[in-house]
Structures are given as structure tokens and as C-alpha cells.
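Student: What would the 3D arrangement of this be:
(one chain, ligands or ions: 1)
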Amino acid sequence: MLEQKTMVAKACFEMIQSNTIIGIGTGSTVEAFVSLLDNRSCTYVSSSERTTSVMKKKGFEVVSANDVSYLDIYIDGTDAVTDDFLLIKGAGGAMTQEKLLANMARVFVVIADESKYHQNLQDIPCPVEVIQSARSFCARQIRAMGAIPSYRFGSKTDQGHDIIDVYGFSYAEPVALEERLNHIPGVLDSGLFAKRRPDHVFIAKGAQVQHWVR
Ligand code: 5RP
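Tutor: Have a look, this model is predicted:
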């Protein structure tokens with residue numbers, strides 16, 4: 001899979017232009033992309049402490065999302081992508097910040113190895129970030145939606161919040177599901193990207209890279 005991550009990272013690299021503002025996602029696929037970066041004329045915004053540390057080790061300066069009003073492009077990995085460009089993200093726990101950057105971006109690009117392709121999201125756990133004191137309430141609300149919440153023990157987001165991984169959601173109406181989750185008091189956001197989907201997906205298939213455009 002490492003080879004495929006490098007392949008998709010190289011393919012999307014062609015979209016990077018000098019003097020632009022670039023958002024950098026989180027995870028091993030994005031880190032394959034970061035290893036190719038050498039452009040000092042760009043401004044970089046990171047989606048997580050993990051990514052900030054990788055960028056700083058490479059000698060790049062990273063600014064906060066508060067310091068820019070938009071991103072020219074946002075590059076991120078995913079845990080699952082469907083033919084409809086639906087995503088589930090957040091295995092690394094950075095989904096709220098990642099969704100913020102995706103929404104700030106003029107162009108949102110996902111890079112993925114072949115294992116991330118799914119015909120539907122049915123078997124993929126959907127992470128939901130919740131404030132600590134609302135964890136049990138949110139879990140009950142999620143159970144009332146017919147799904148199975150599972151608290152991610154020993155894991156906190158960069159912002160210090162809890163994560164509930166949810167199994168068994170129905171994805172028949174993904175935008176409505178995302179909105180419904182966001183309306184539960186105590187929920188910060190979820191890893192379901194239904195409203196803001198990627199504009200481009202670079203996904204490996206064997207030794208080839210497919211480029212999907214929405
Ligand atoms: C982190 C994420 C990552 O993008 C996702 O987990 C993919 O990671 P990797 O590229 O290591 O497979 O959503 O919150």
C-alpha cells in the first residue's frame with residue numbers, strides 16, 4: 001500500500017502551484033505527499049498536531065486556519081471513498097479540523113490507495129467528535145437513530161474531545177444524516193463528508209492511478 005500512497009501523492013502533486021495557500025490533511029497518505037513538498041513560496045495550513053510536527057521537521061512554517069480566509073487547495077487522505085465522492089474520515093481523529101479545511105478550500109483533493117474504495121459506507125465506522133460531558137447523551141441519541149456507538153477509549157482529539165465510532169448508520173440520505181448528527185447537542189462534527197465532498201480524487205488501482213473529477 002505504501003507504493004500506492006506514493007503513486008497518488010505524486011499524481012496530485014501536479015496540482016500544486018507556487019504562491020498559493022495549501023491545506024494539509026492528516027495520515028500516512030498525506031505524509032507521502034508532504035515528503036515530496038519543497039515549495040517554500042506557499043503558505044501551509046495543517047489539519048492536526050501530527051501533520052504540523054511532520055511539516056516542521058521538514059522545515060516548513062505552518063500557519064493557523066485563523067490566519068487565512070481561504071485555501072487555494074486542500075489535500076487529504078480518507079478512510080473510505082465511494083463512487084459518489086462520499087467520504088468517511090477520522091480514523092486518526094482529526095476529522096473536525098479536516099472538515100473545516102475542506103470547507104475553506106476552493107479545491108478539495110483526496111488521495112487514496114485502493115483499499116479505501118468502497119461501494120457503500122455500510123461497514124465503515126463513522127467517527128463522531130463529542131465534548132466529554134456529552135458523551136453518554138450523544139451515544140444514546142445515536143442508538144436512538146438505530147446505530148451502534150462505540151467509545152474510542154484512551155483517545156482524544158487534538159482539541160481534547162472524545163470520539164465515538166458509530167457502526168450501522170443508514171447512508172441512504174447522507175447529507176441529512178450529516179446534518180442530523182451536527183444537530184445533536186455536544187457533537188462537534190463527524191467524519192462523514194457528505195455536504196463538502198472532494199472535487200478531485202486520485203485513487204490507485206493496481207499499478208495505475210485513477211483521477212476522478214466531480
Ligand atoms: C485522519 C484521516 C486520514 O485522512 C485517514 O485516516 C487516512 O489515513 P491514512 O492515509 O493513514 O490511511 O481521516 O483523521
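
Student: Centre of the chain to the lengthiest helix in the chain, how far?
Tutor: When the chain is parsed with DSSP state H, its longest helix is helix 2-13. Mean-position distance between helix 2-13 and its chain equals 17 Å (C-alpha atoms, centre = their mean, to the nearest Å).

Student: so what strands line up beside the following helix or strand past that helix?
Tutor: In the C-terminal direction, the helix or strand that comes right after helix 2-13 (DSSP states H and E) is strand 21-24. Sheet pairing of strand 21-24 (DSSP bridges) gives strand 43-46 (parallel), strand 71-76 (parallel).

Student: So for the ligand, which of those strands sits nearest?
Tutor: Of all the strands paired with strand 21-24, it is strand 71-76 that lies closest to the ligand, at 5.4 Å by C-beta to the nearest ligand atom. Heads up, the C-betas are built off the backbone N, CA and C, glycines and all.

Student: need the helices for the chain, in chain order.
Tutor: Counting by DSSP H, the helices of the chain are 2-13, 28-34, 49-57, 95-104, 135-144, 174-182.

Student: just those helices: most buried one?
Tutor: Of the helices of the chain, the one with the most neighbours on average (mean count of other C-beta atoms under 10 Å) is helix 95-104, at a mean of 23.

Student: which strands and helices sit next to the longest helix of the chain?
Tutor: When contacts are defined as 3 or more C-beta pairs under 8 Å, 6 or more residues apart in numbering; DSSP states H and E, helix 2-13 sits against helix 28-34, strand 105-112, strand 200-205, strand 208-213.

Student: Out of those, which gets nearest to the ligand?
Tutor: Shortest distance between the ligand and the helices and strands packed on helix 2-13, using C-beta to the nearest ligand atom, is found for helix 28-34: 3.3 Å.

Student: Show me what that closest one is packed up against.
Tutor: helix 2-13, strand 21-24, helix 49-57, strand 71-76, strand 105-112.

Student: Mind checking if it is in reach of the ligand?
Tutor: Yes: using C-beta under 6 Å from any ligand atom, helix 28-34 reaches the ligand at 28, 29.

Student: now what about that helix, what contacts it?
Tutor: For helix 28-34, contacts defined as C-beta atoms under 8 Å, 6 or more residues apart in numbering pick out 2, 5-6, 8-9, 12-13, 24, 51, 54-55, 58, 75-77, 111-113.

Student: Those residues: which ones sit near the ligand?
Tutor: On the criterion C-beta under 6 Å from any ligand atom, 76, 77 are the entries of the contacts of helix 28-34 that sit beside the ligand.
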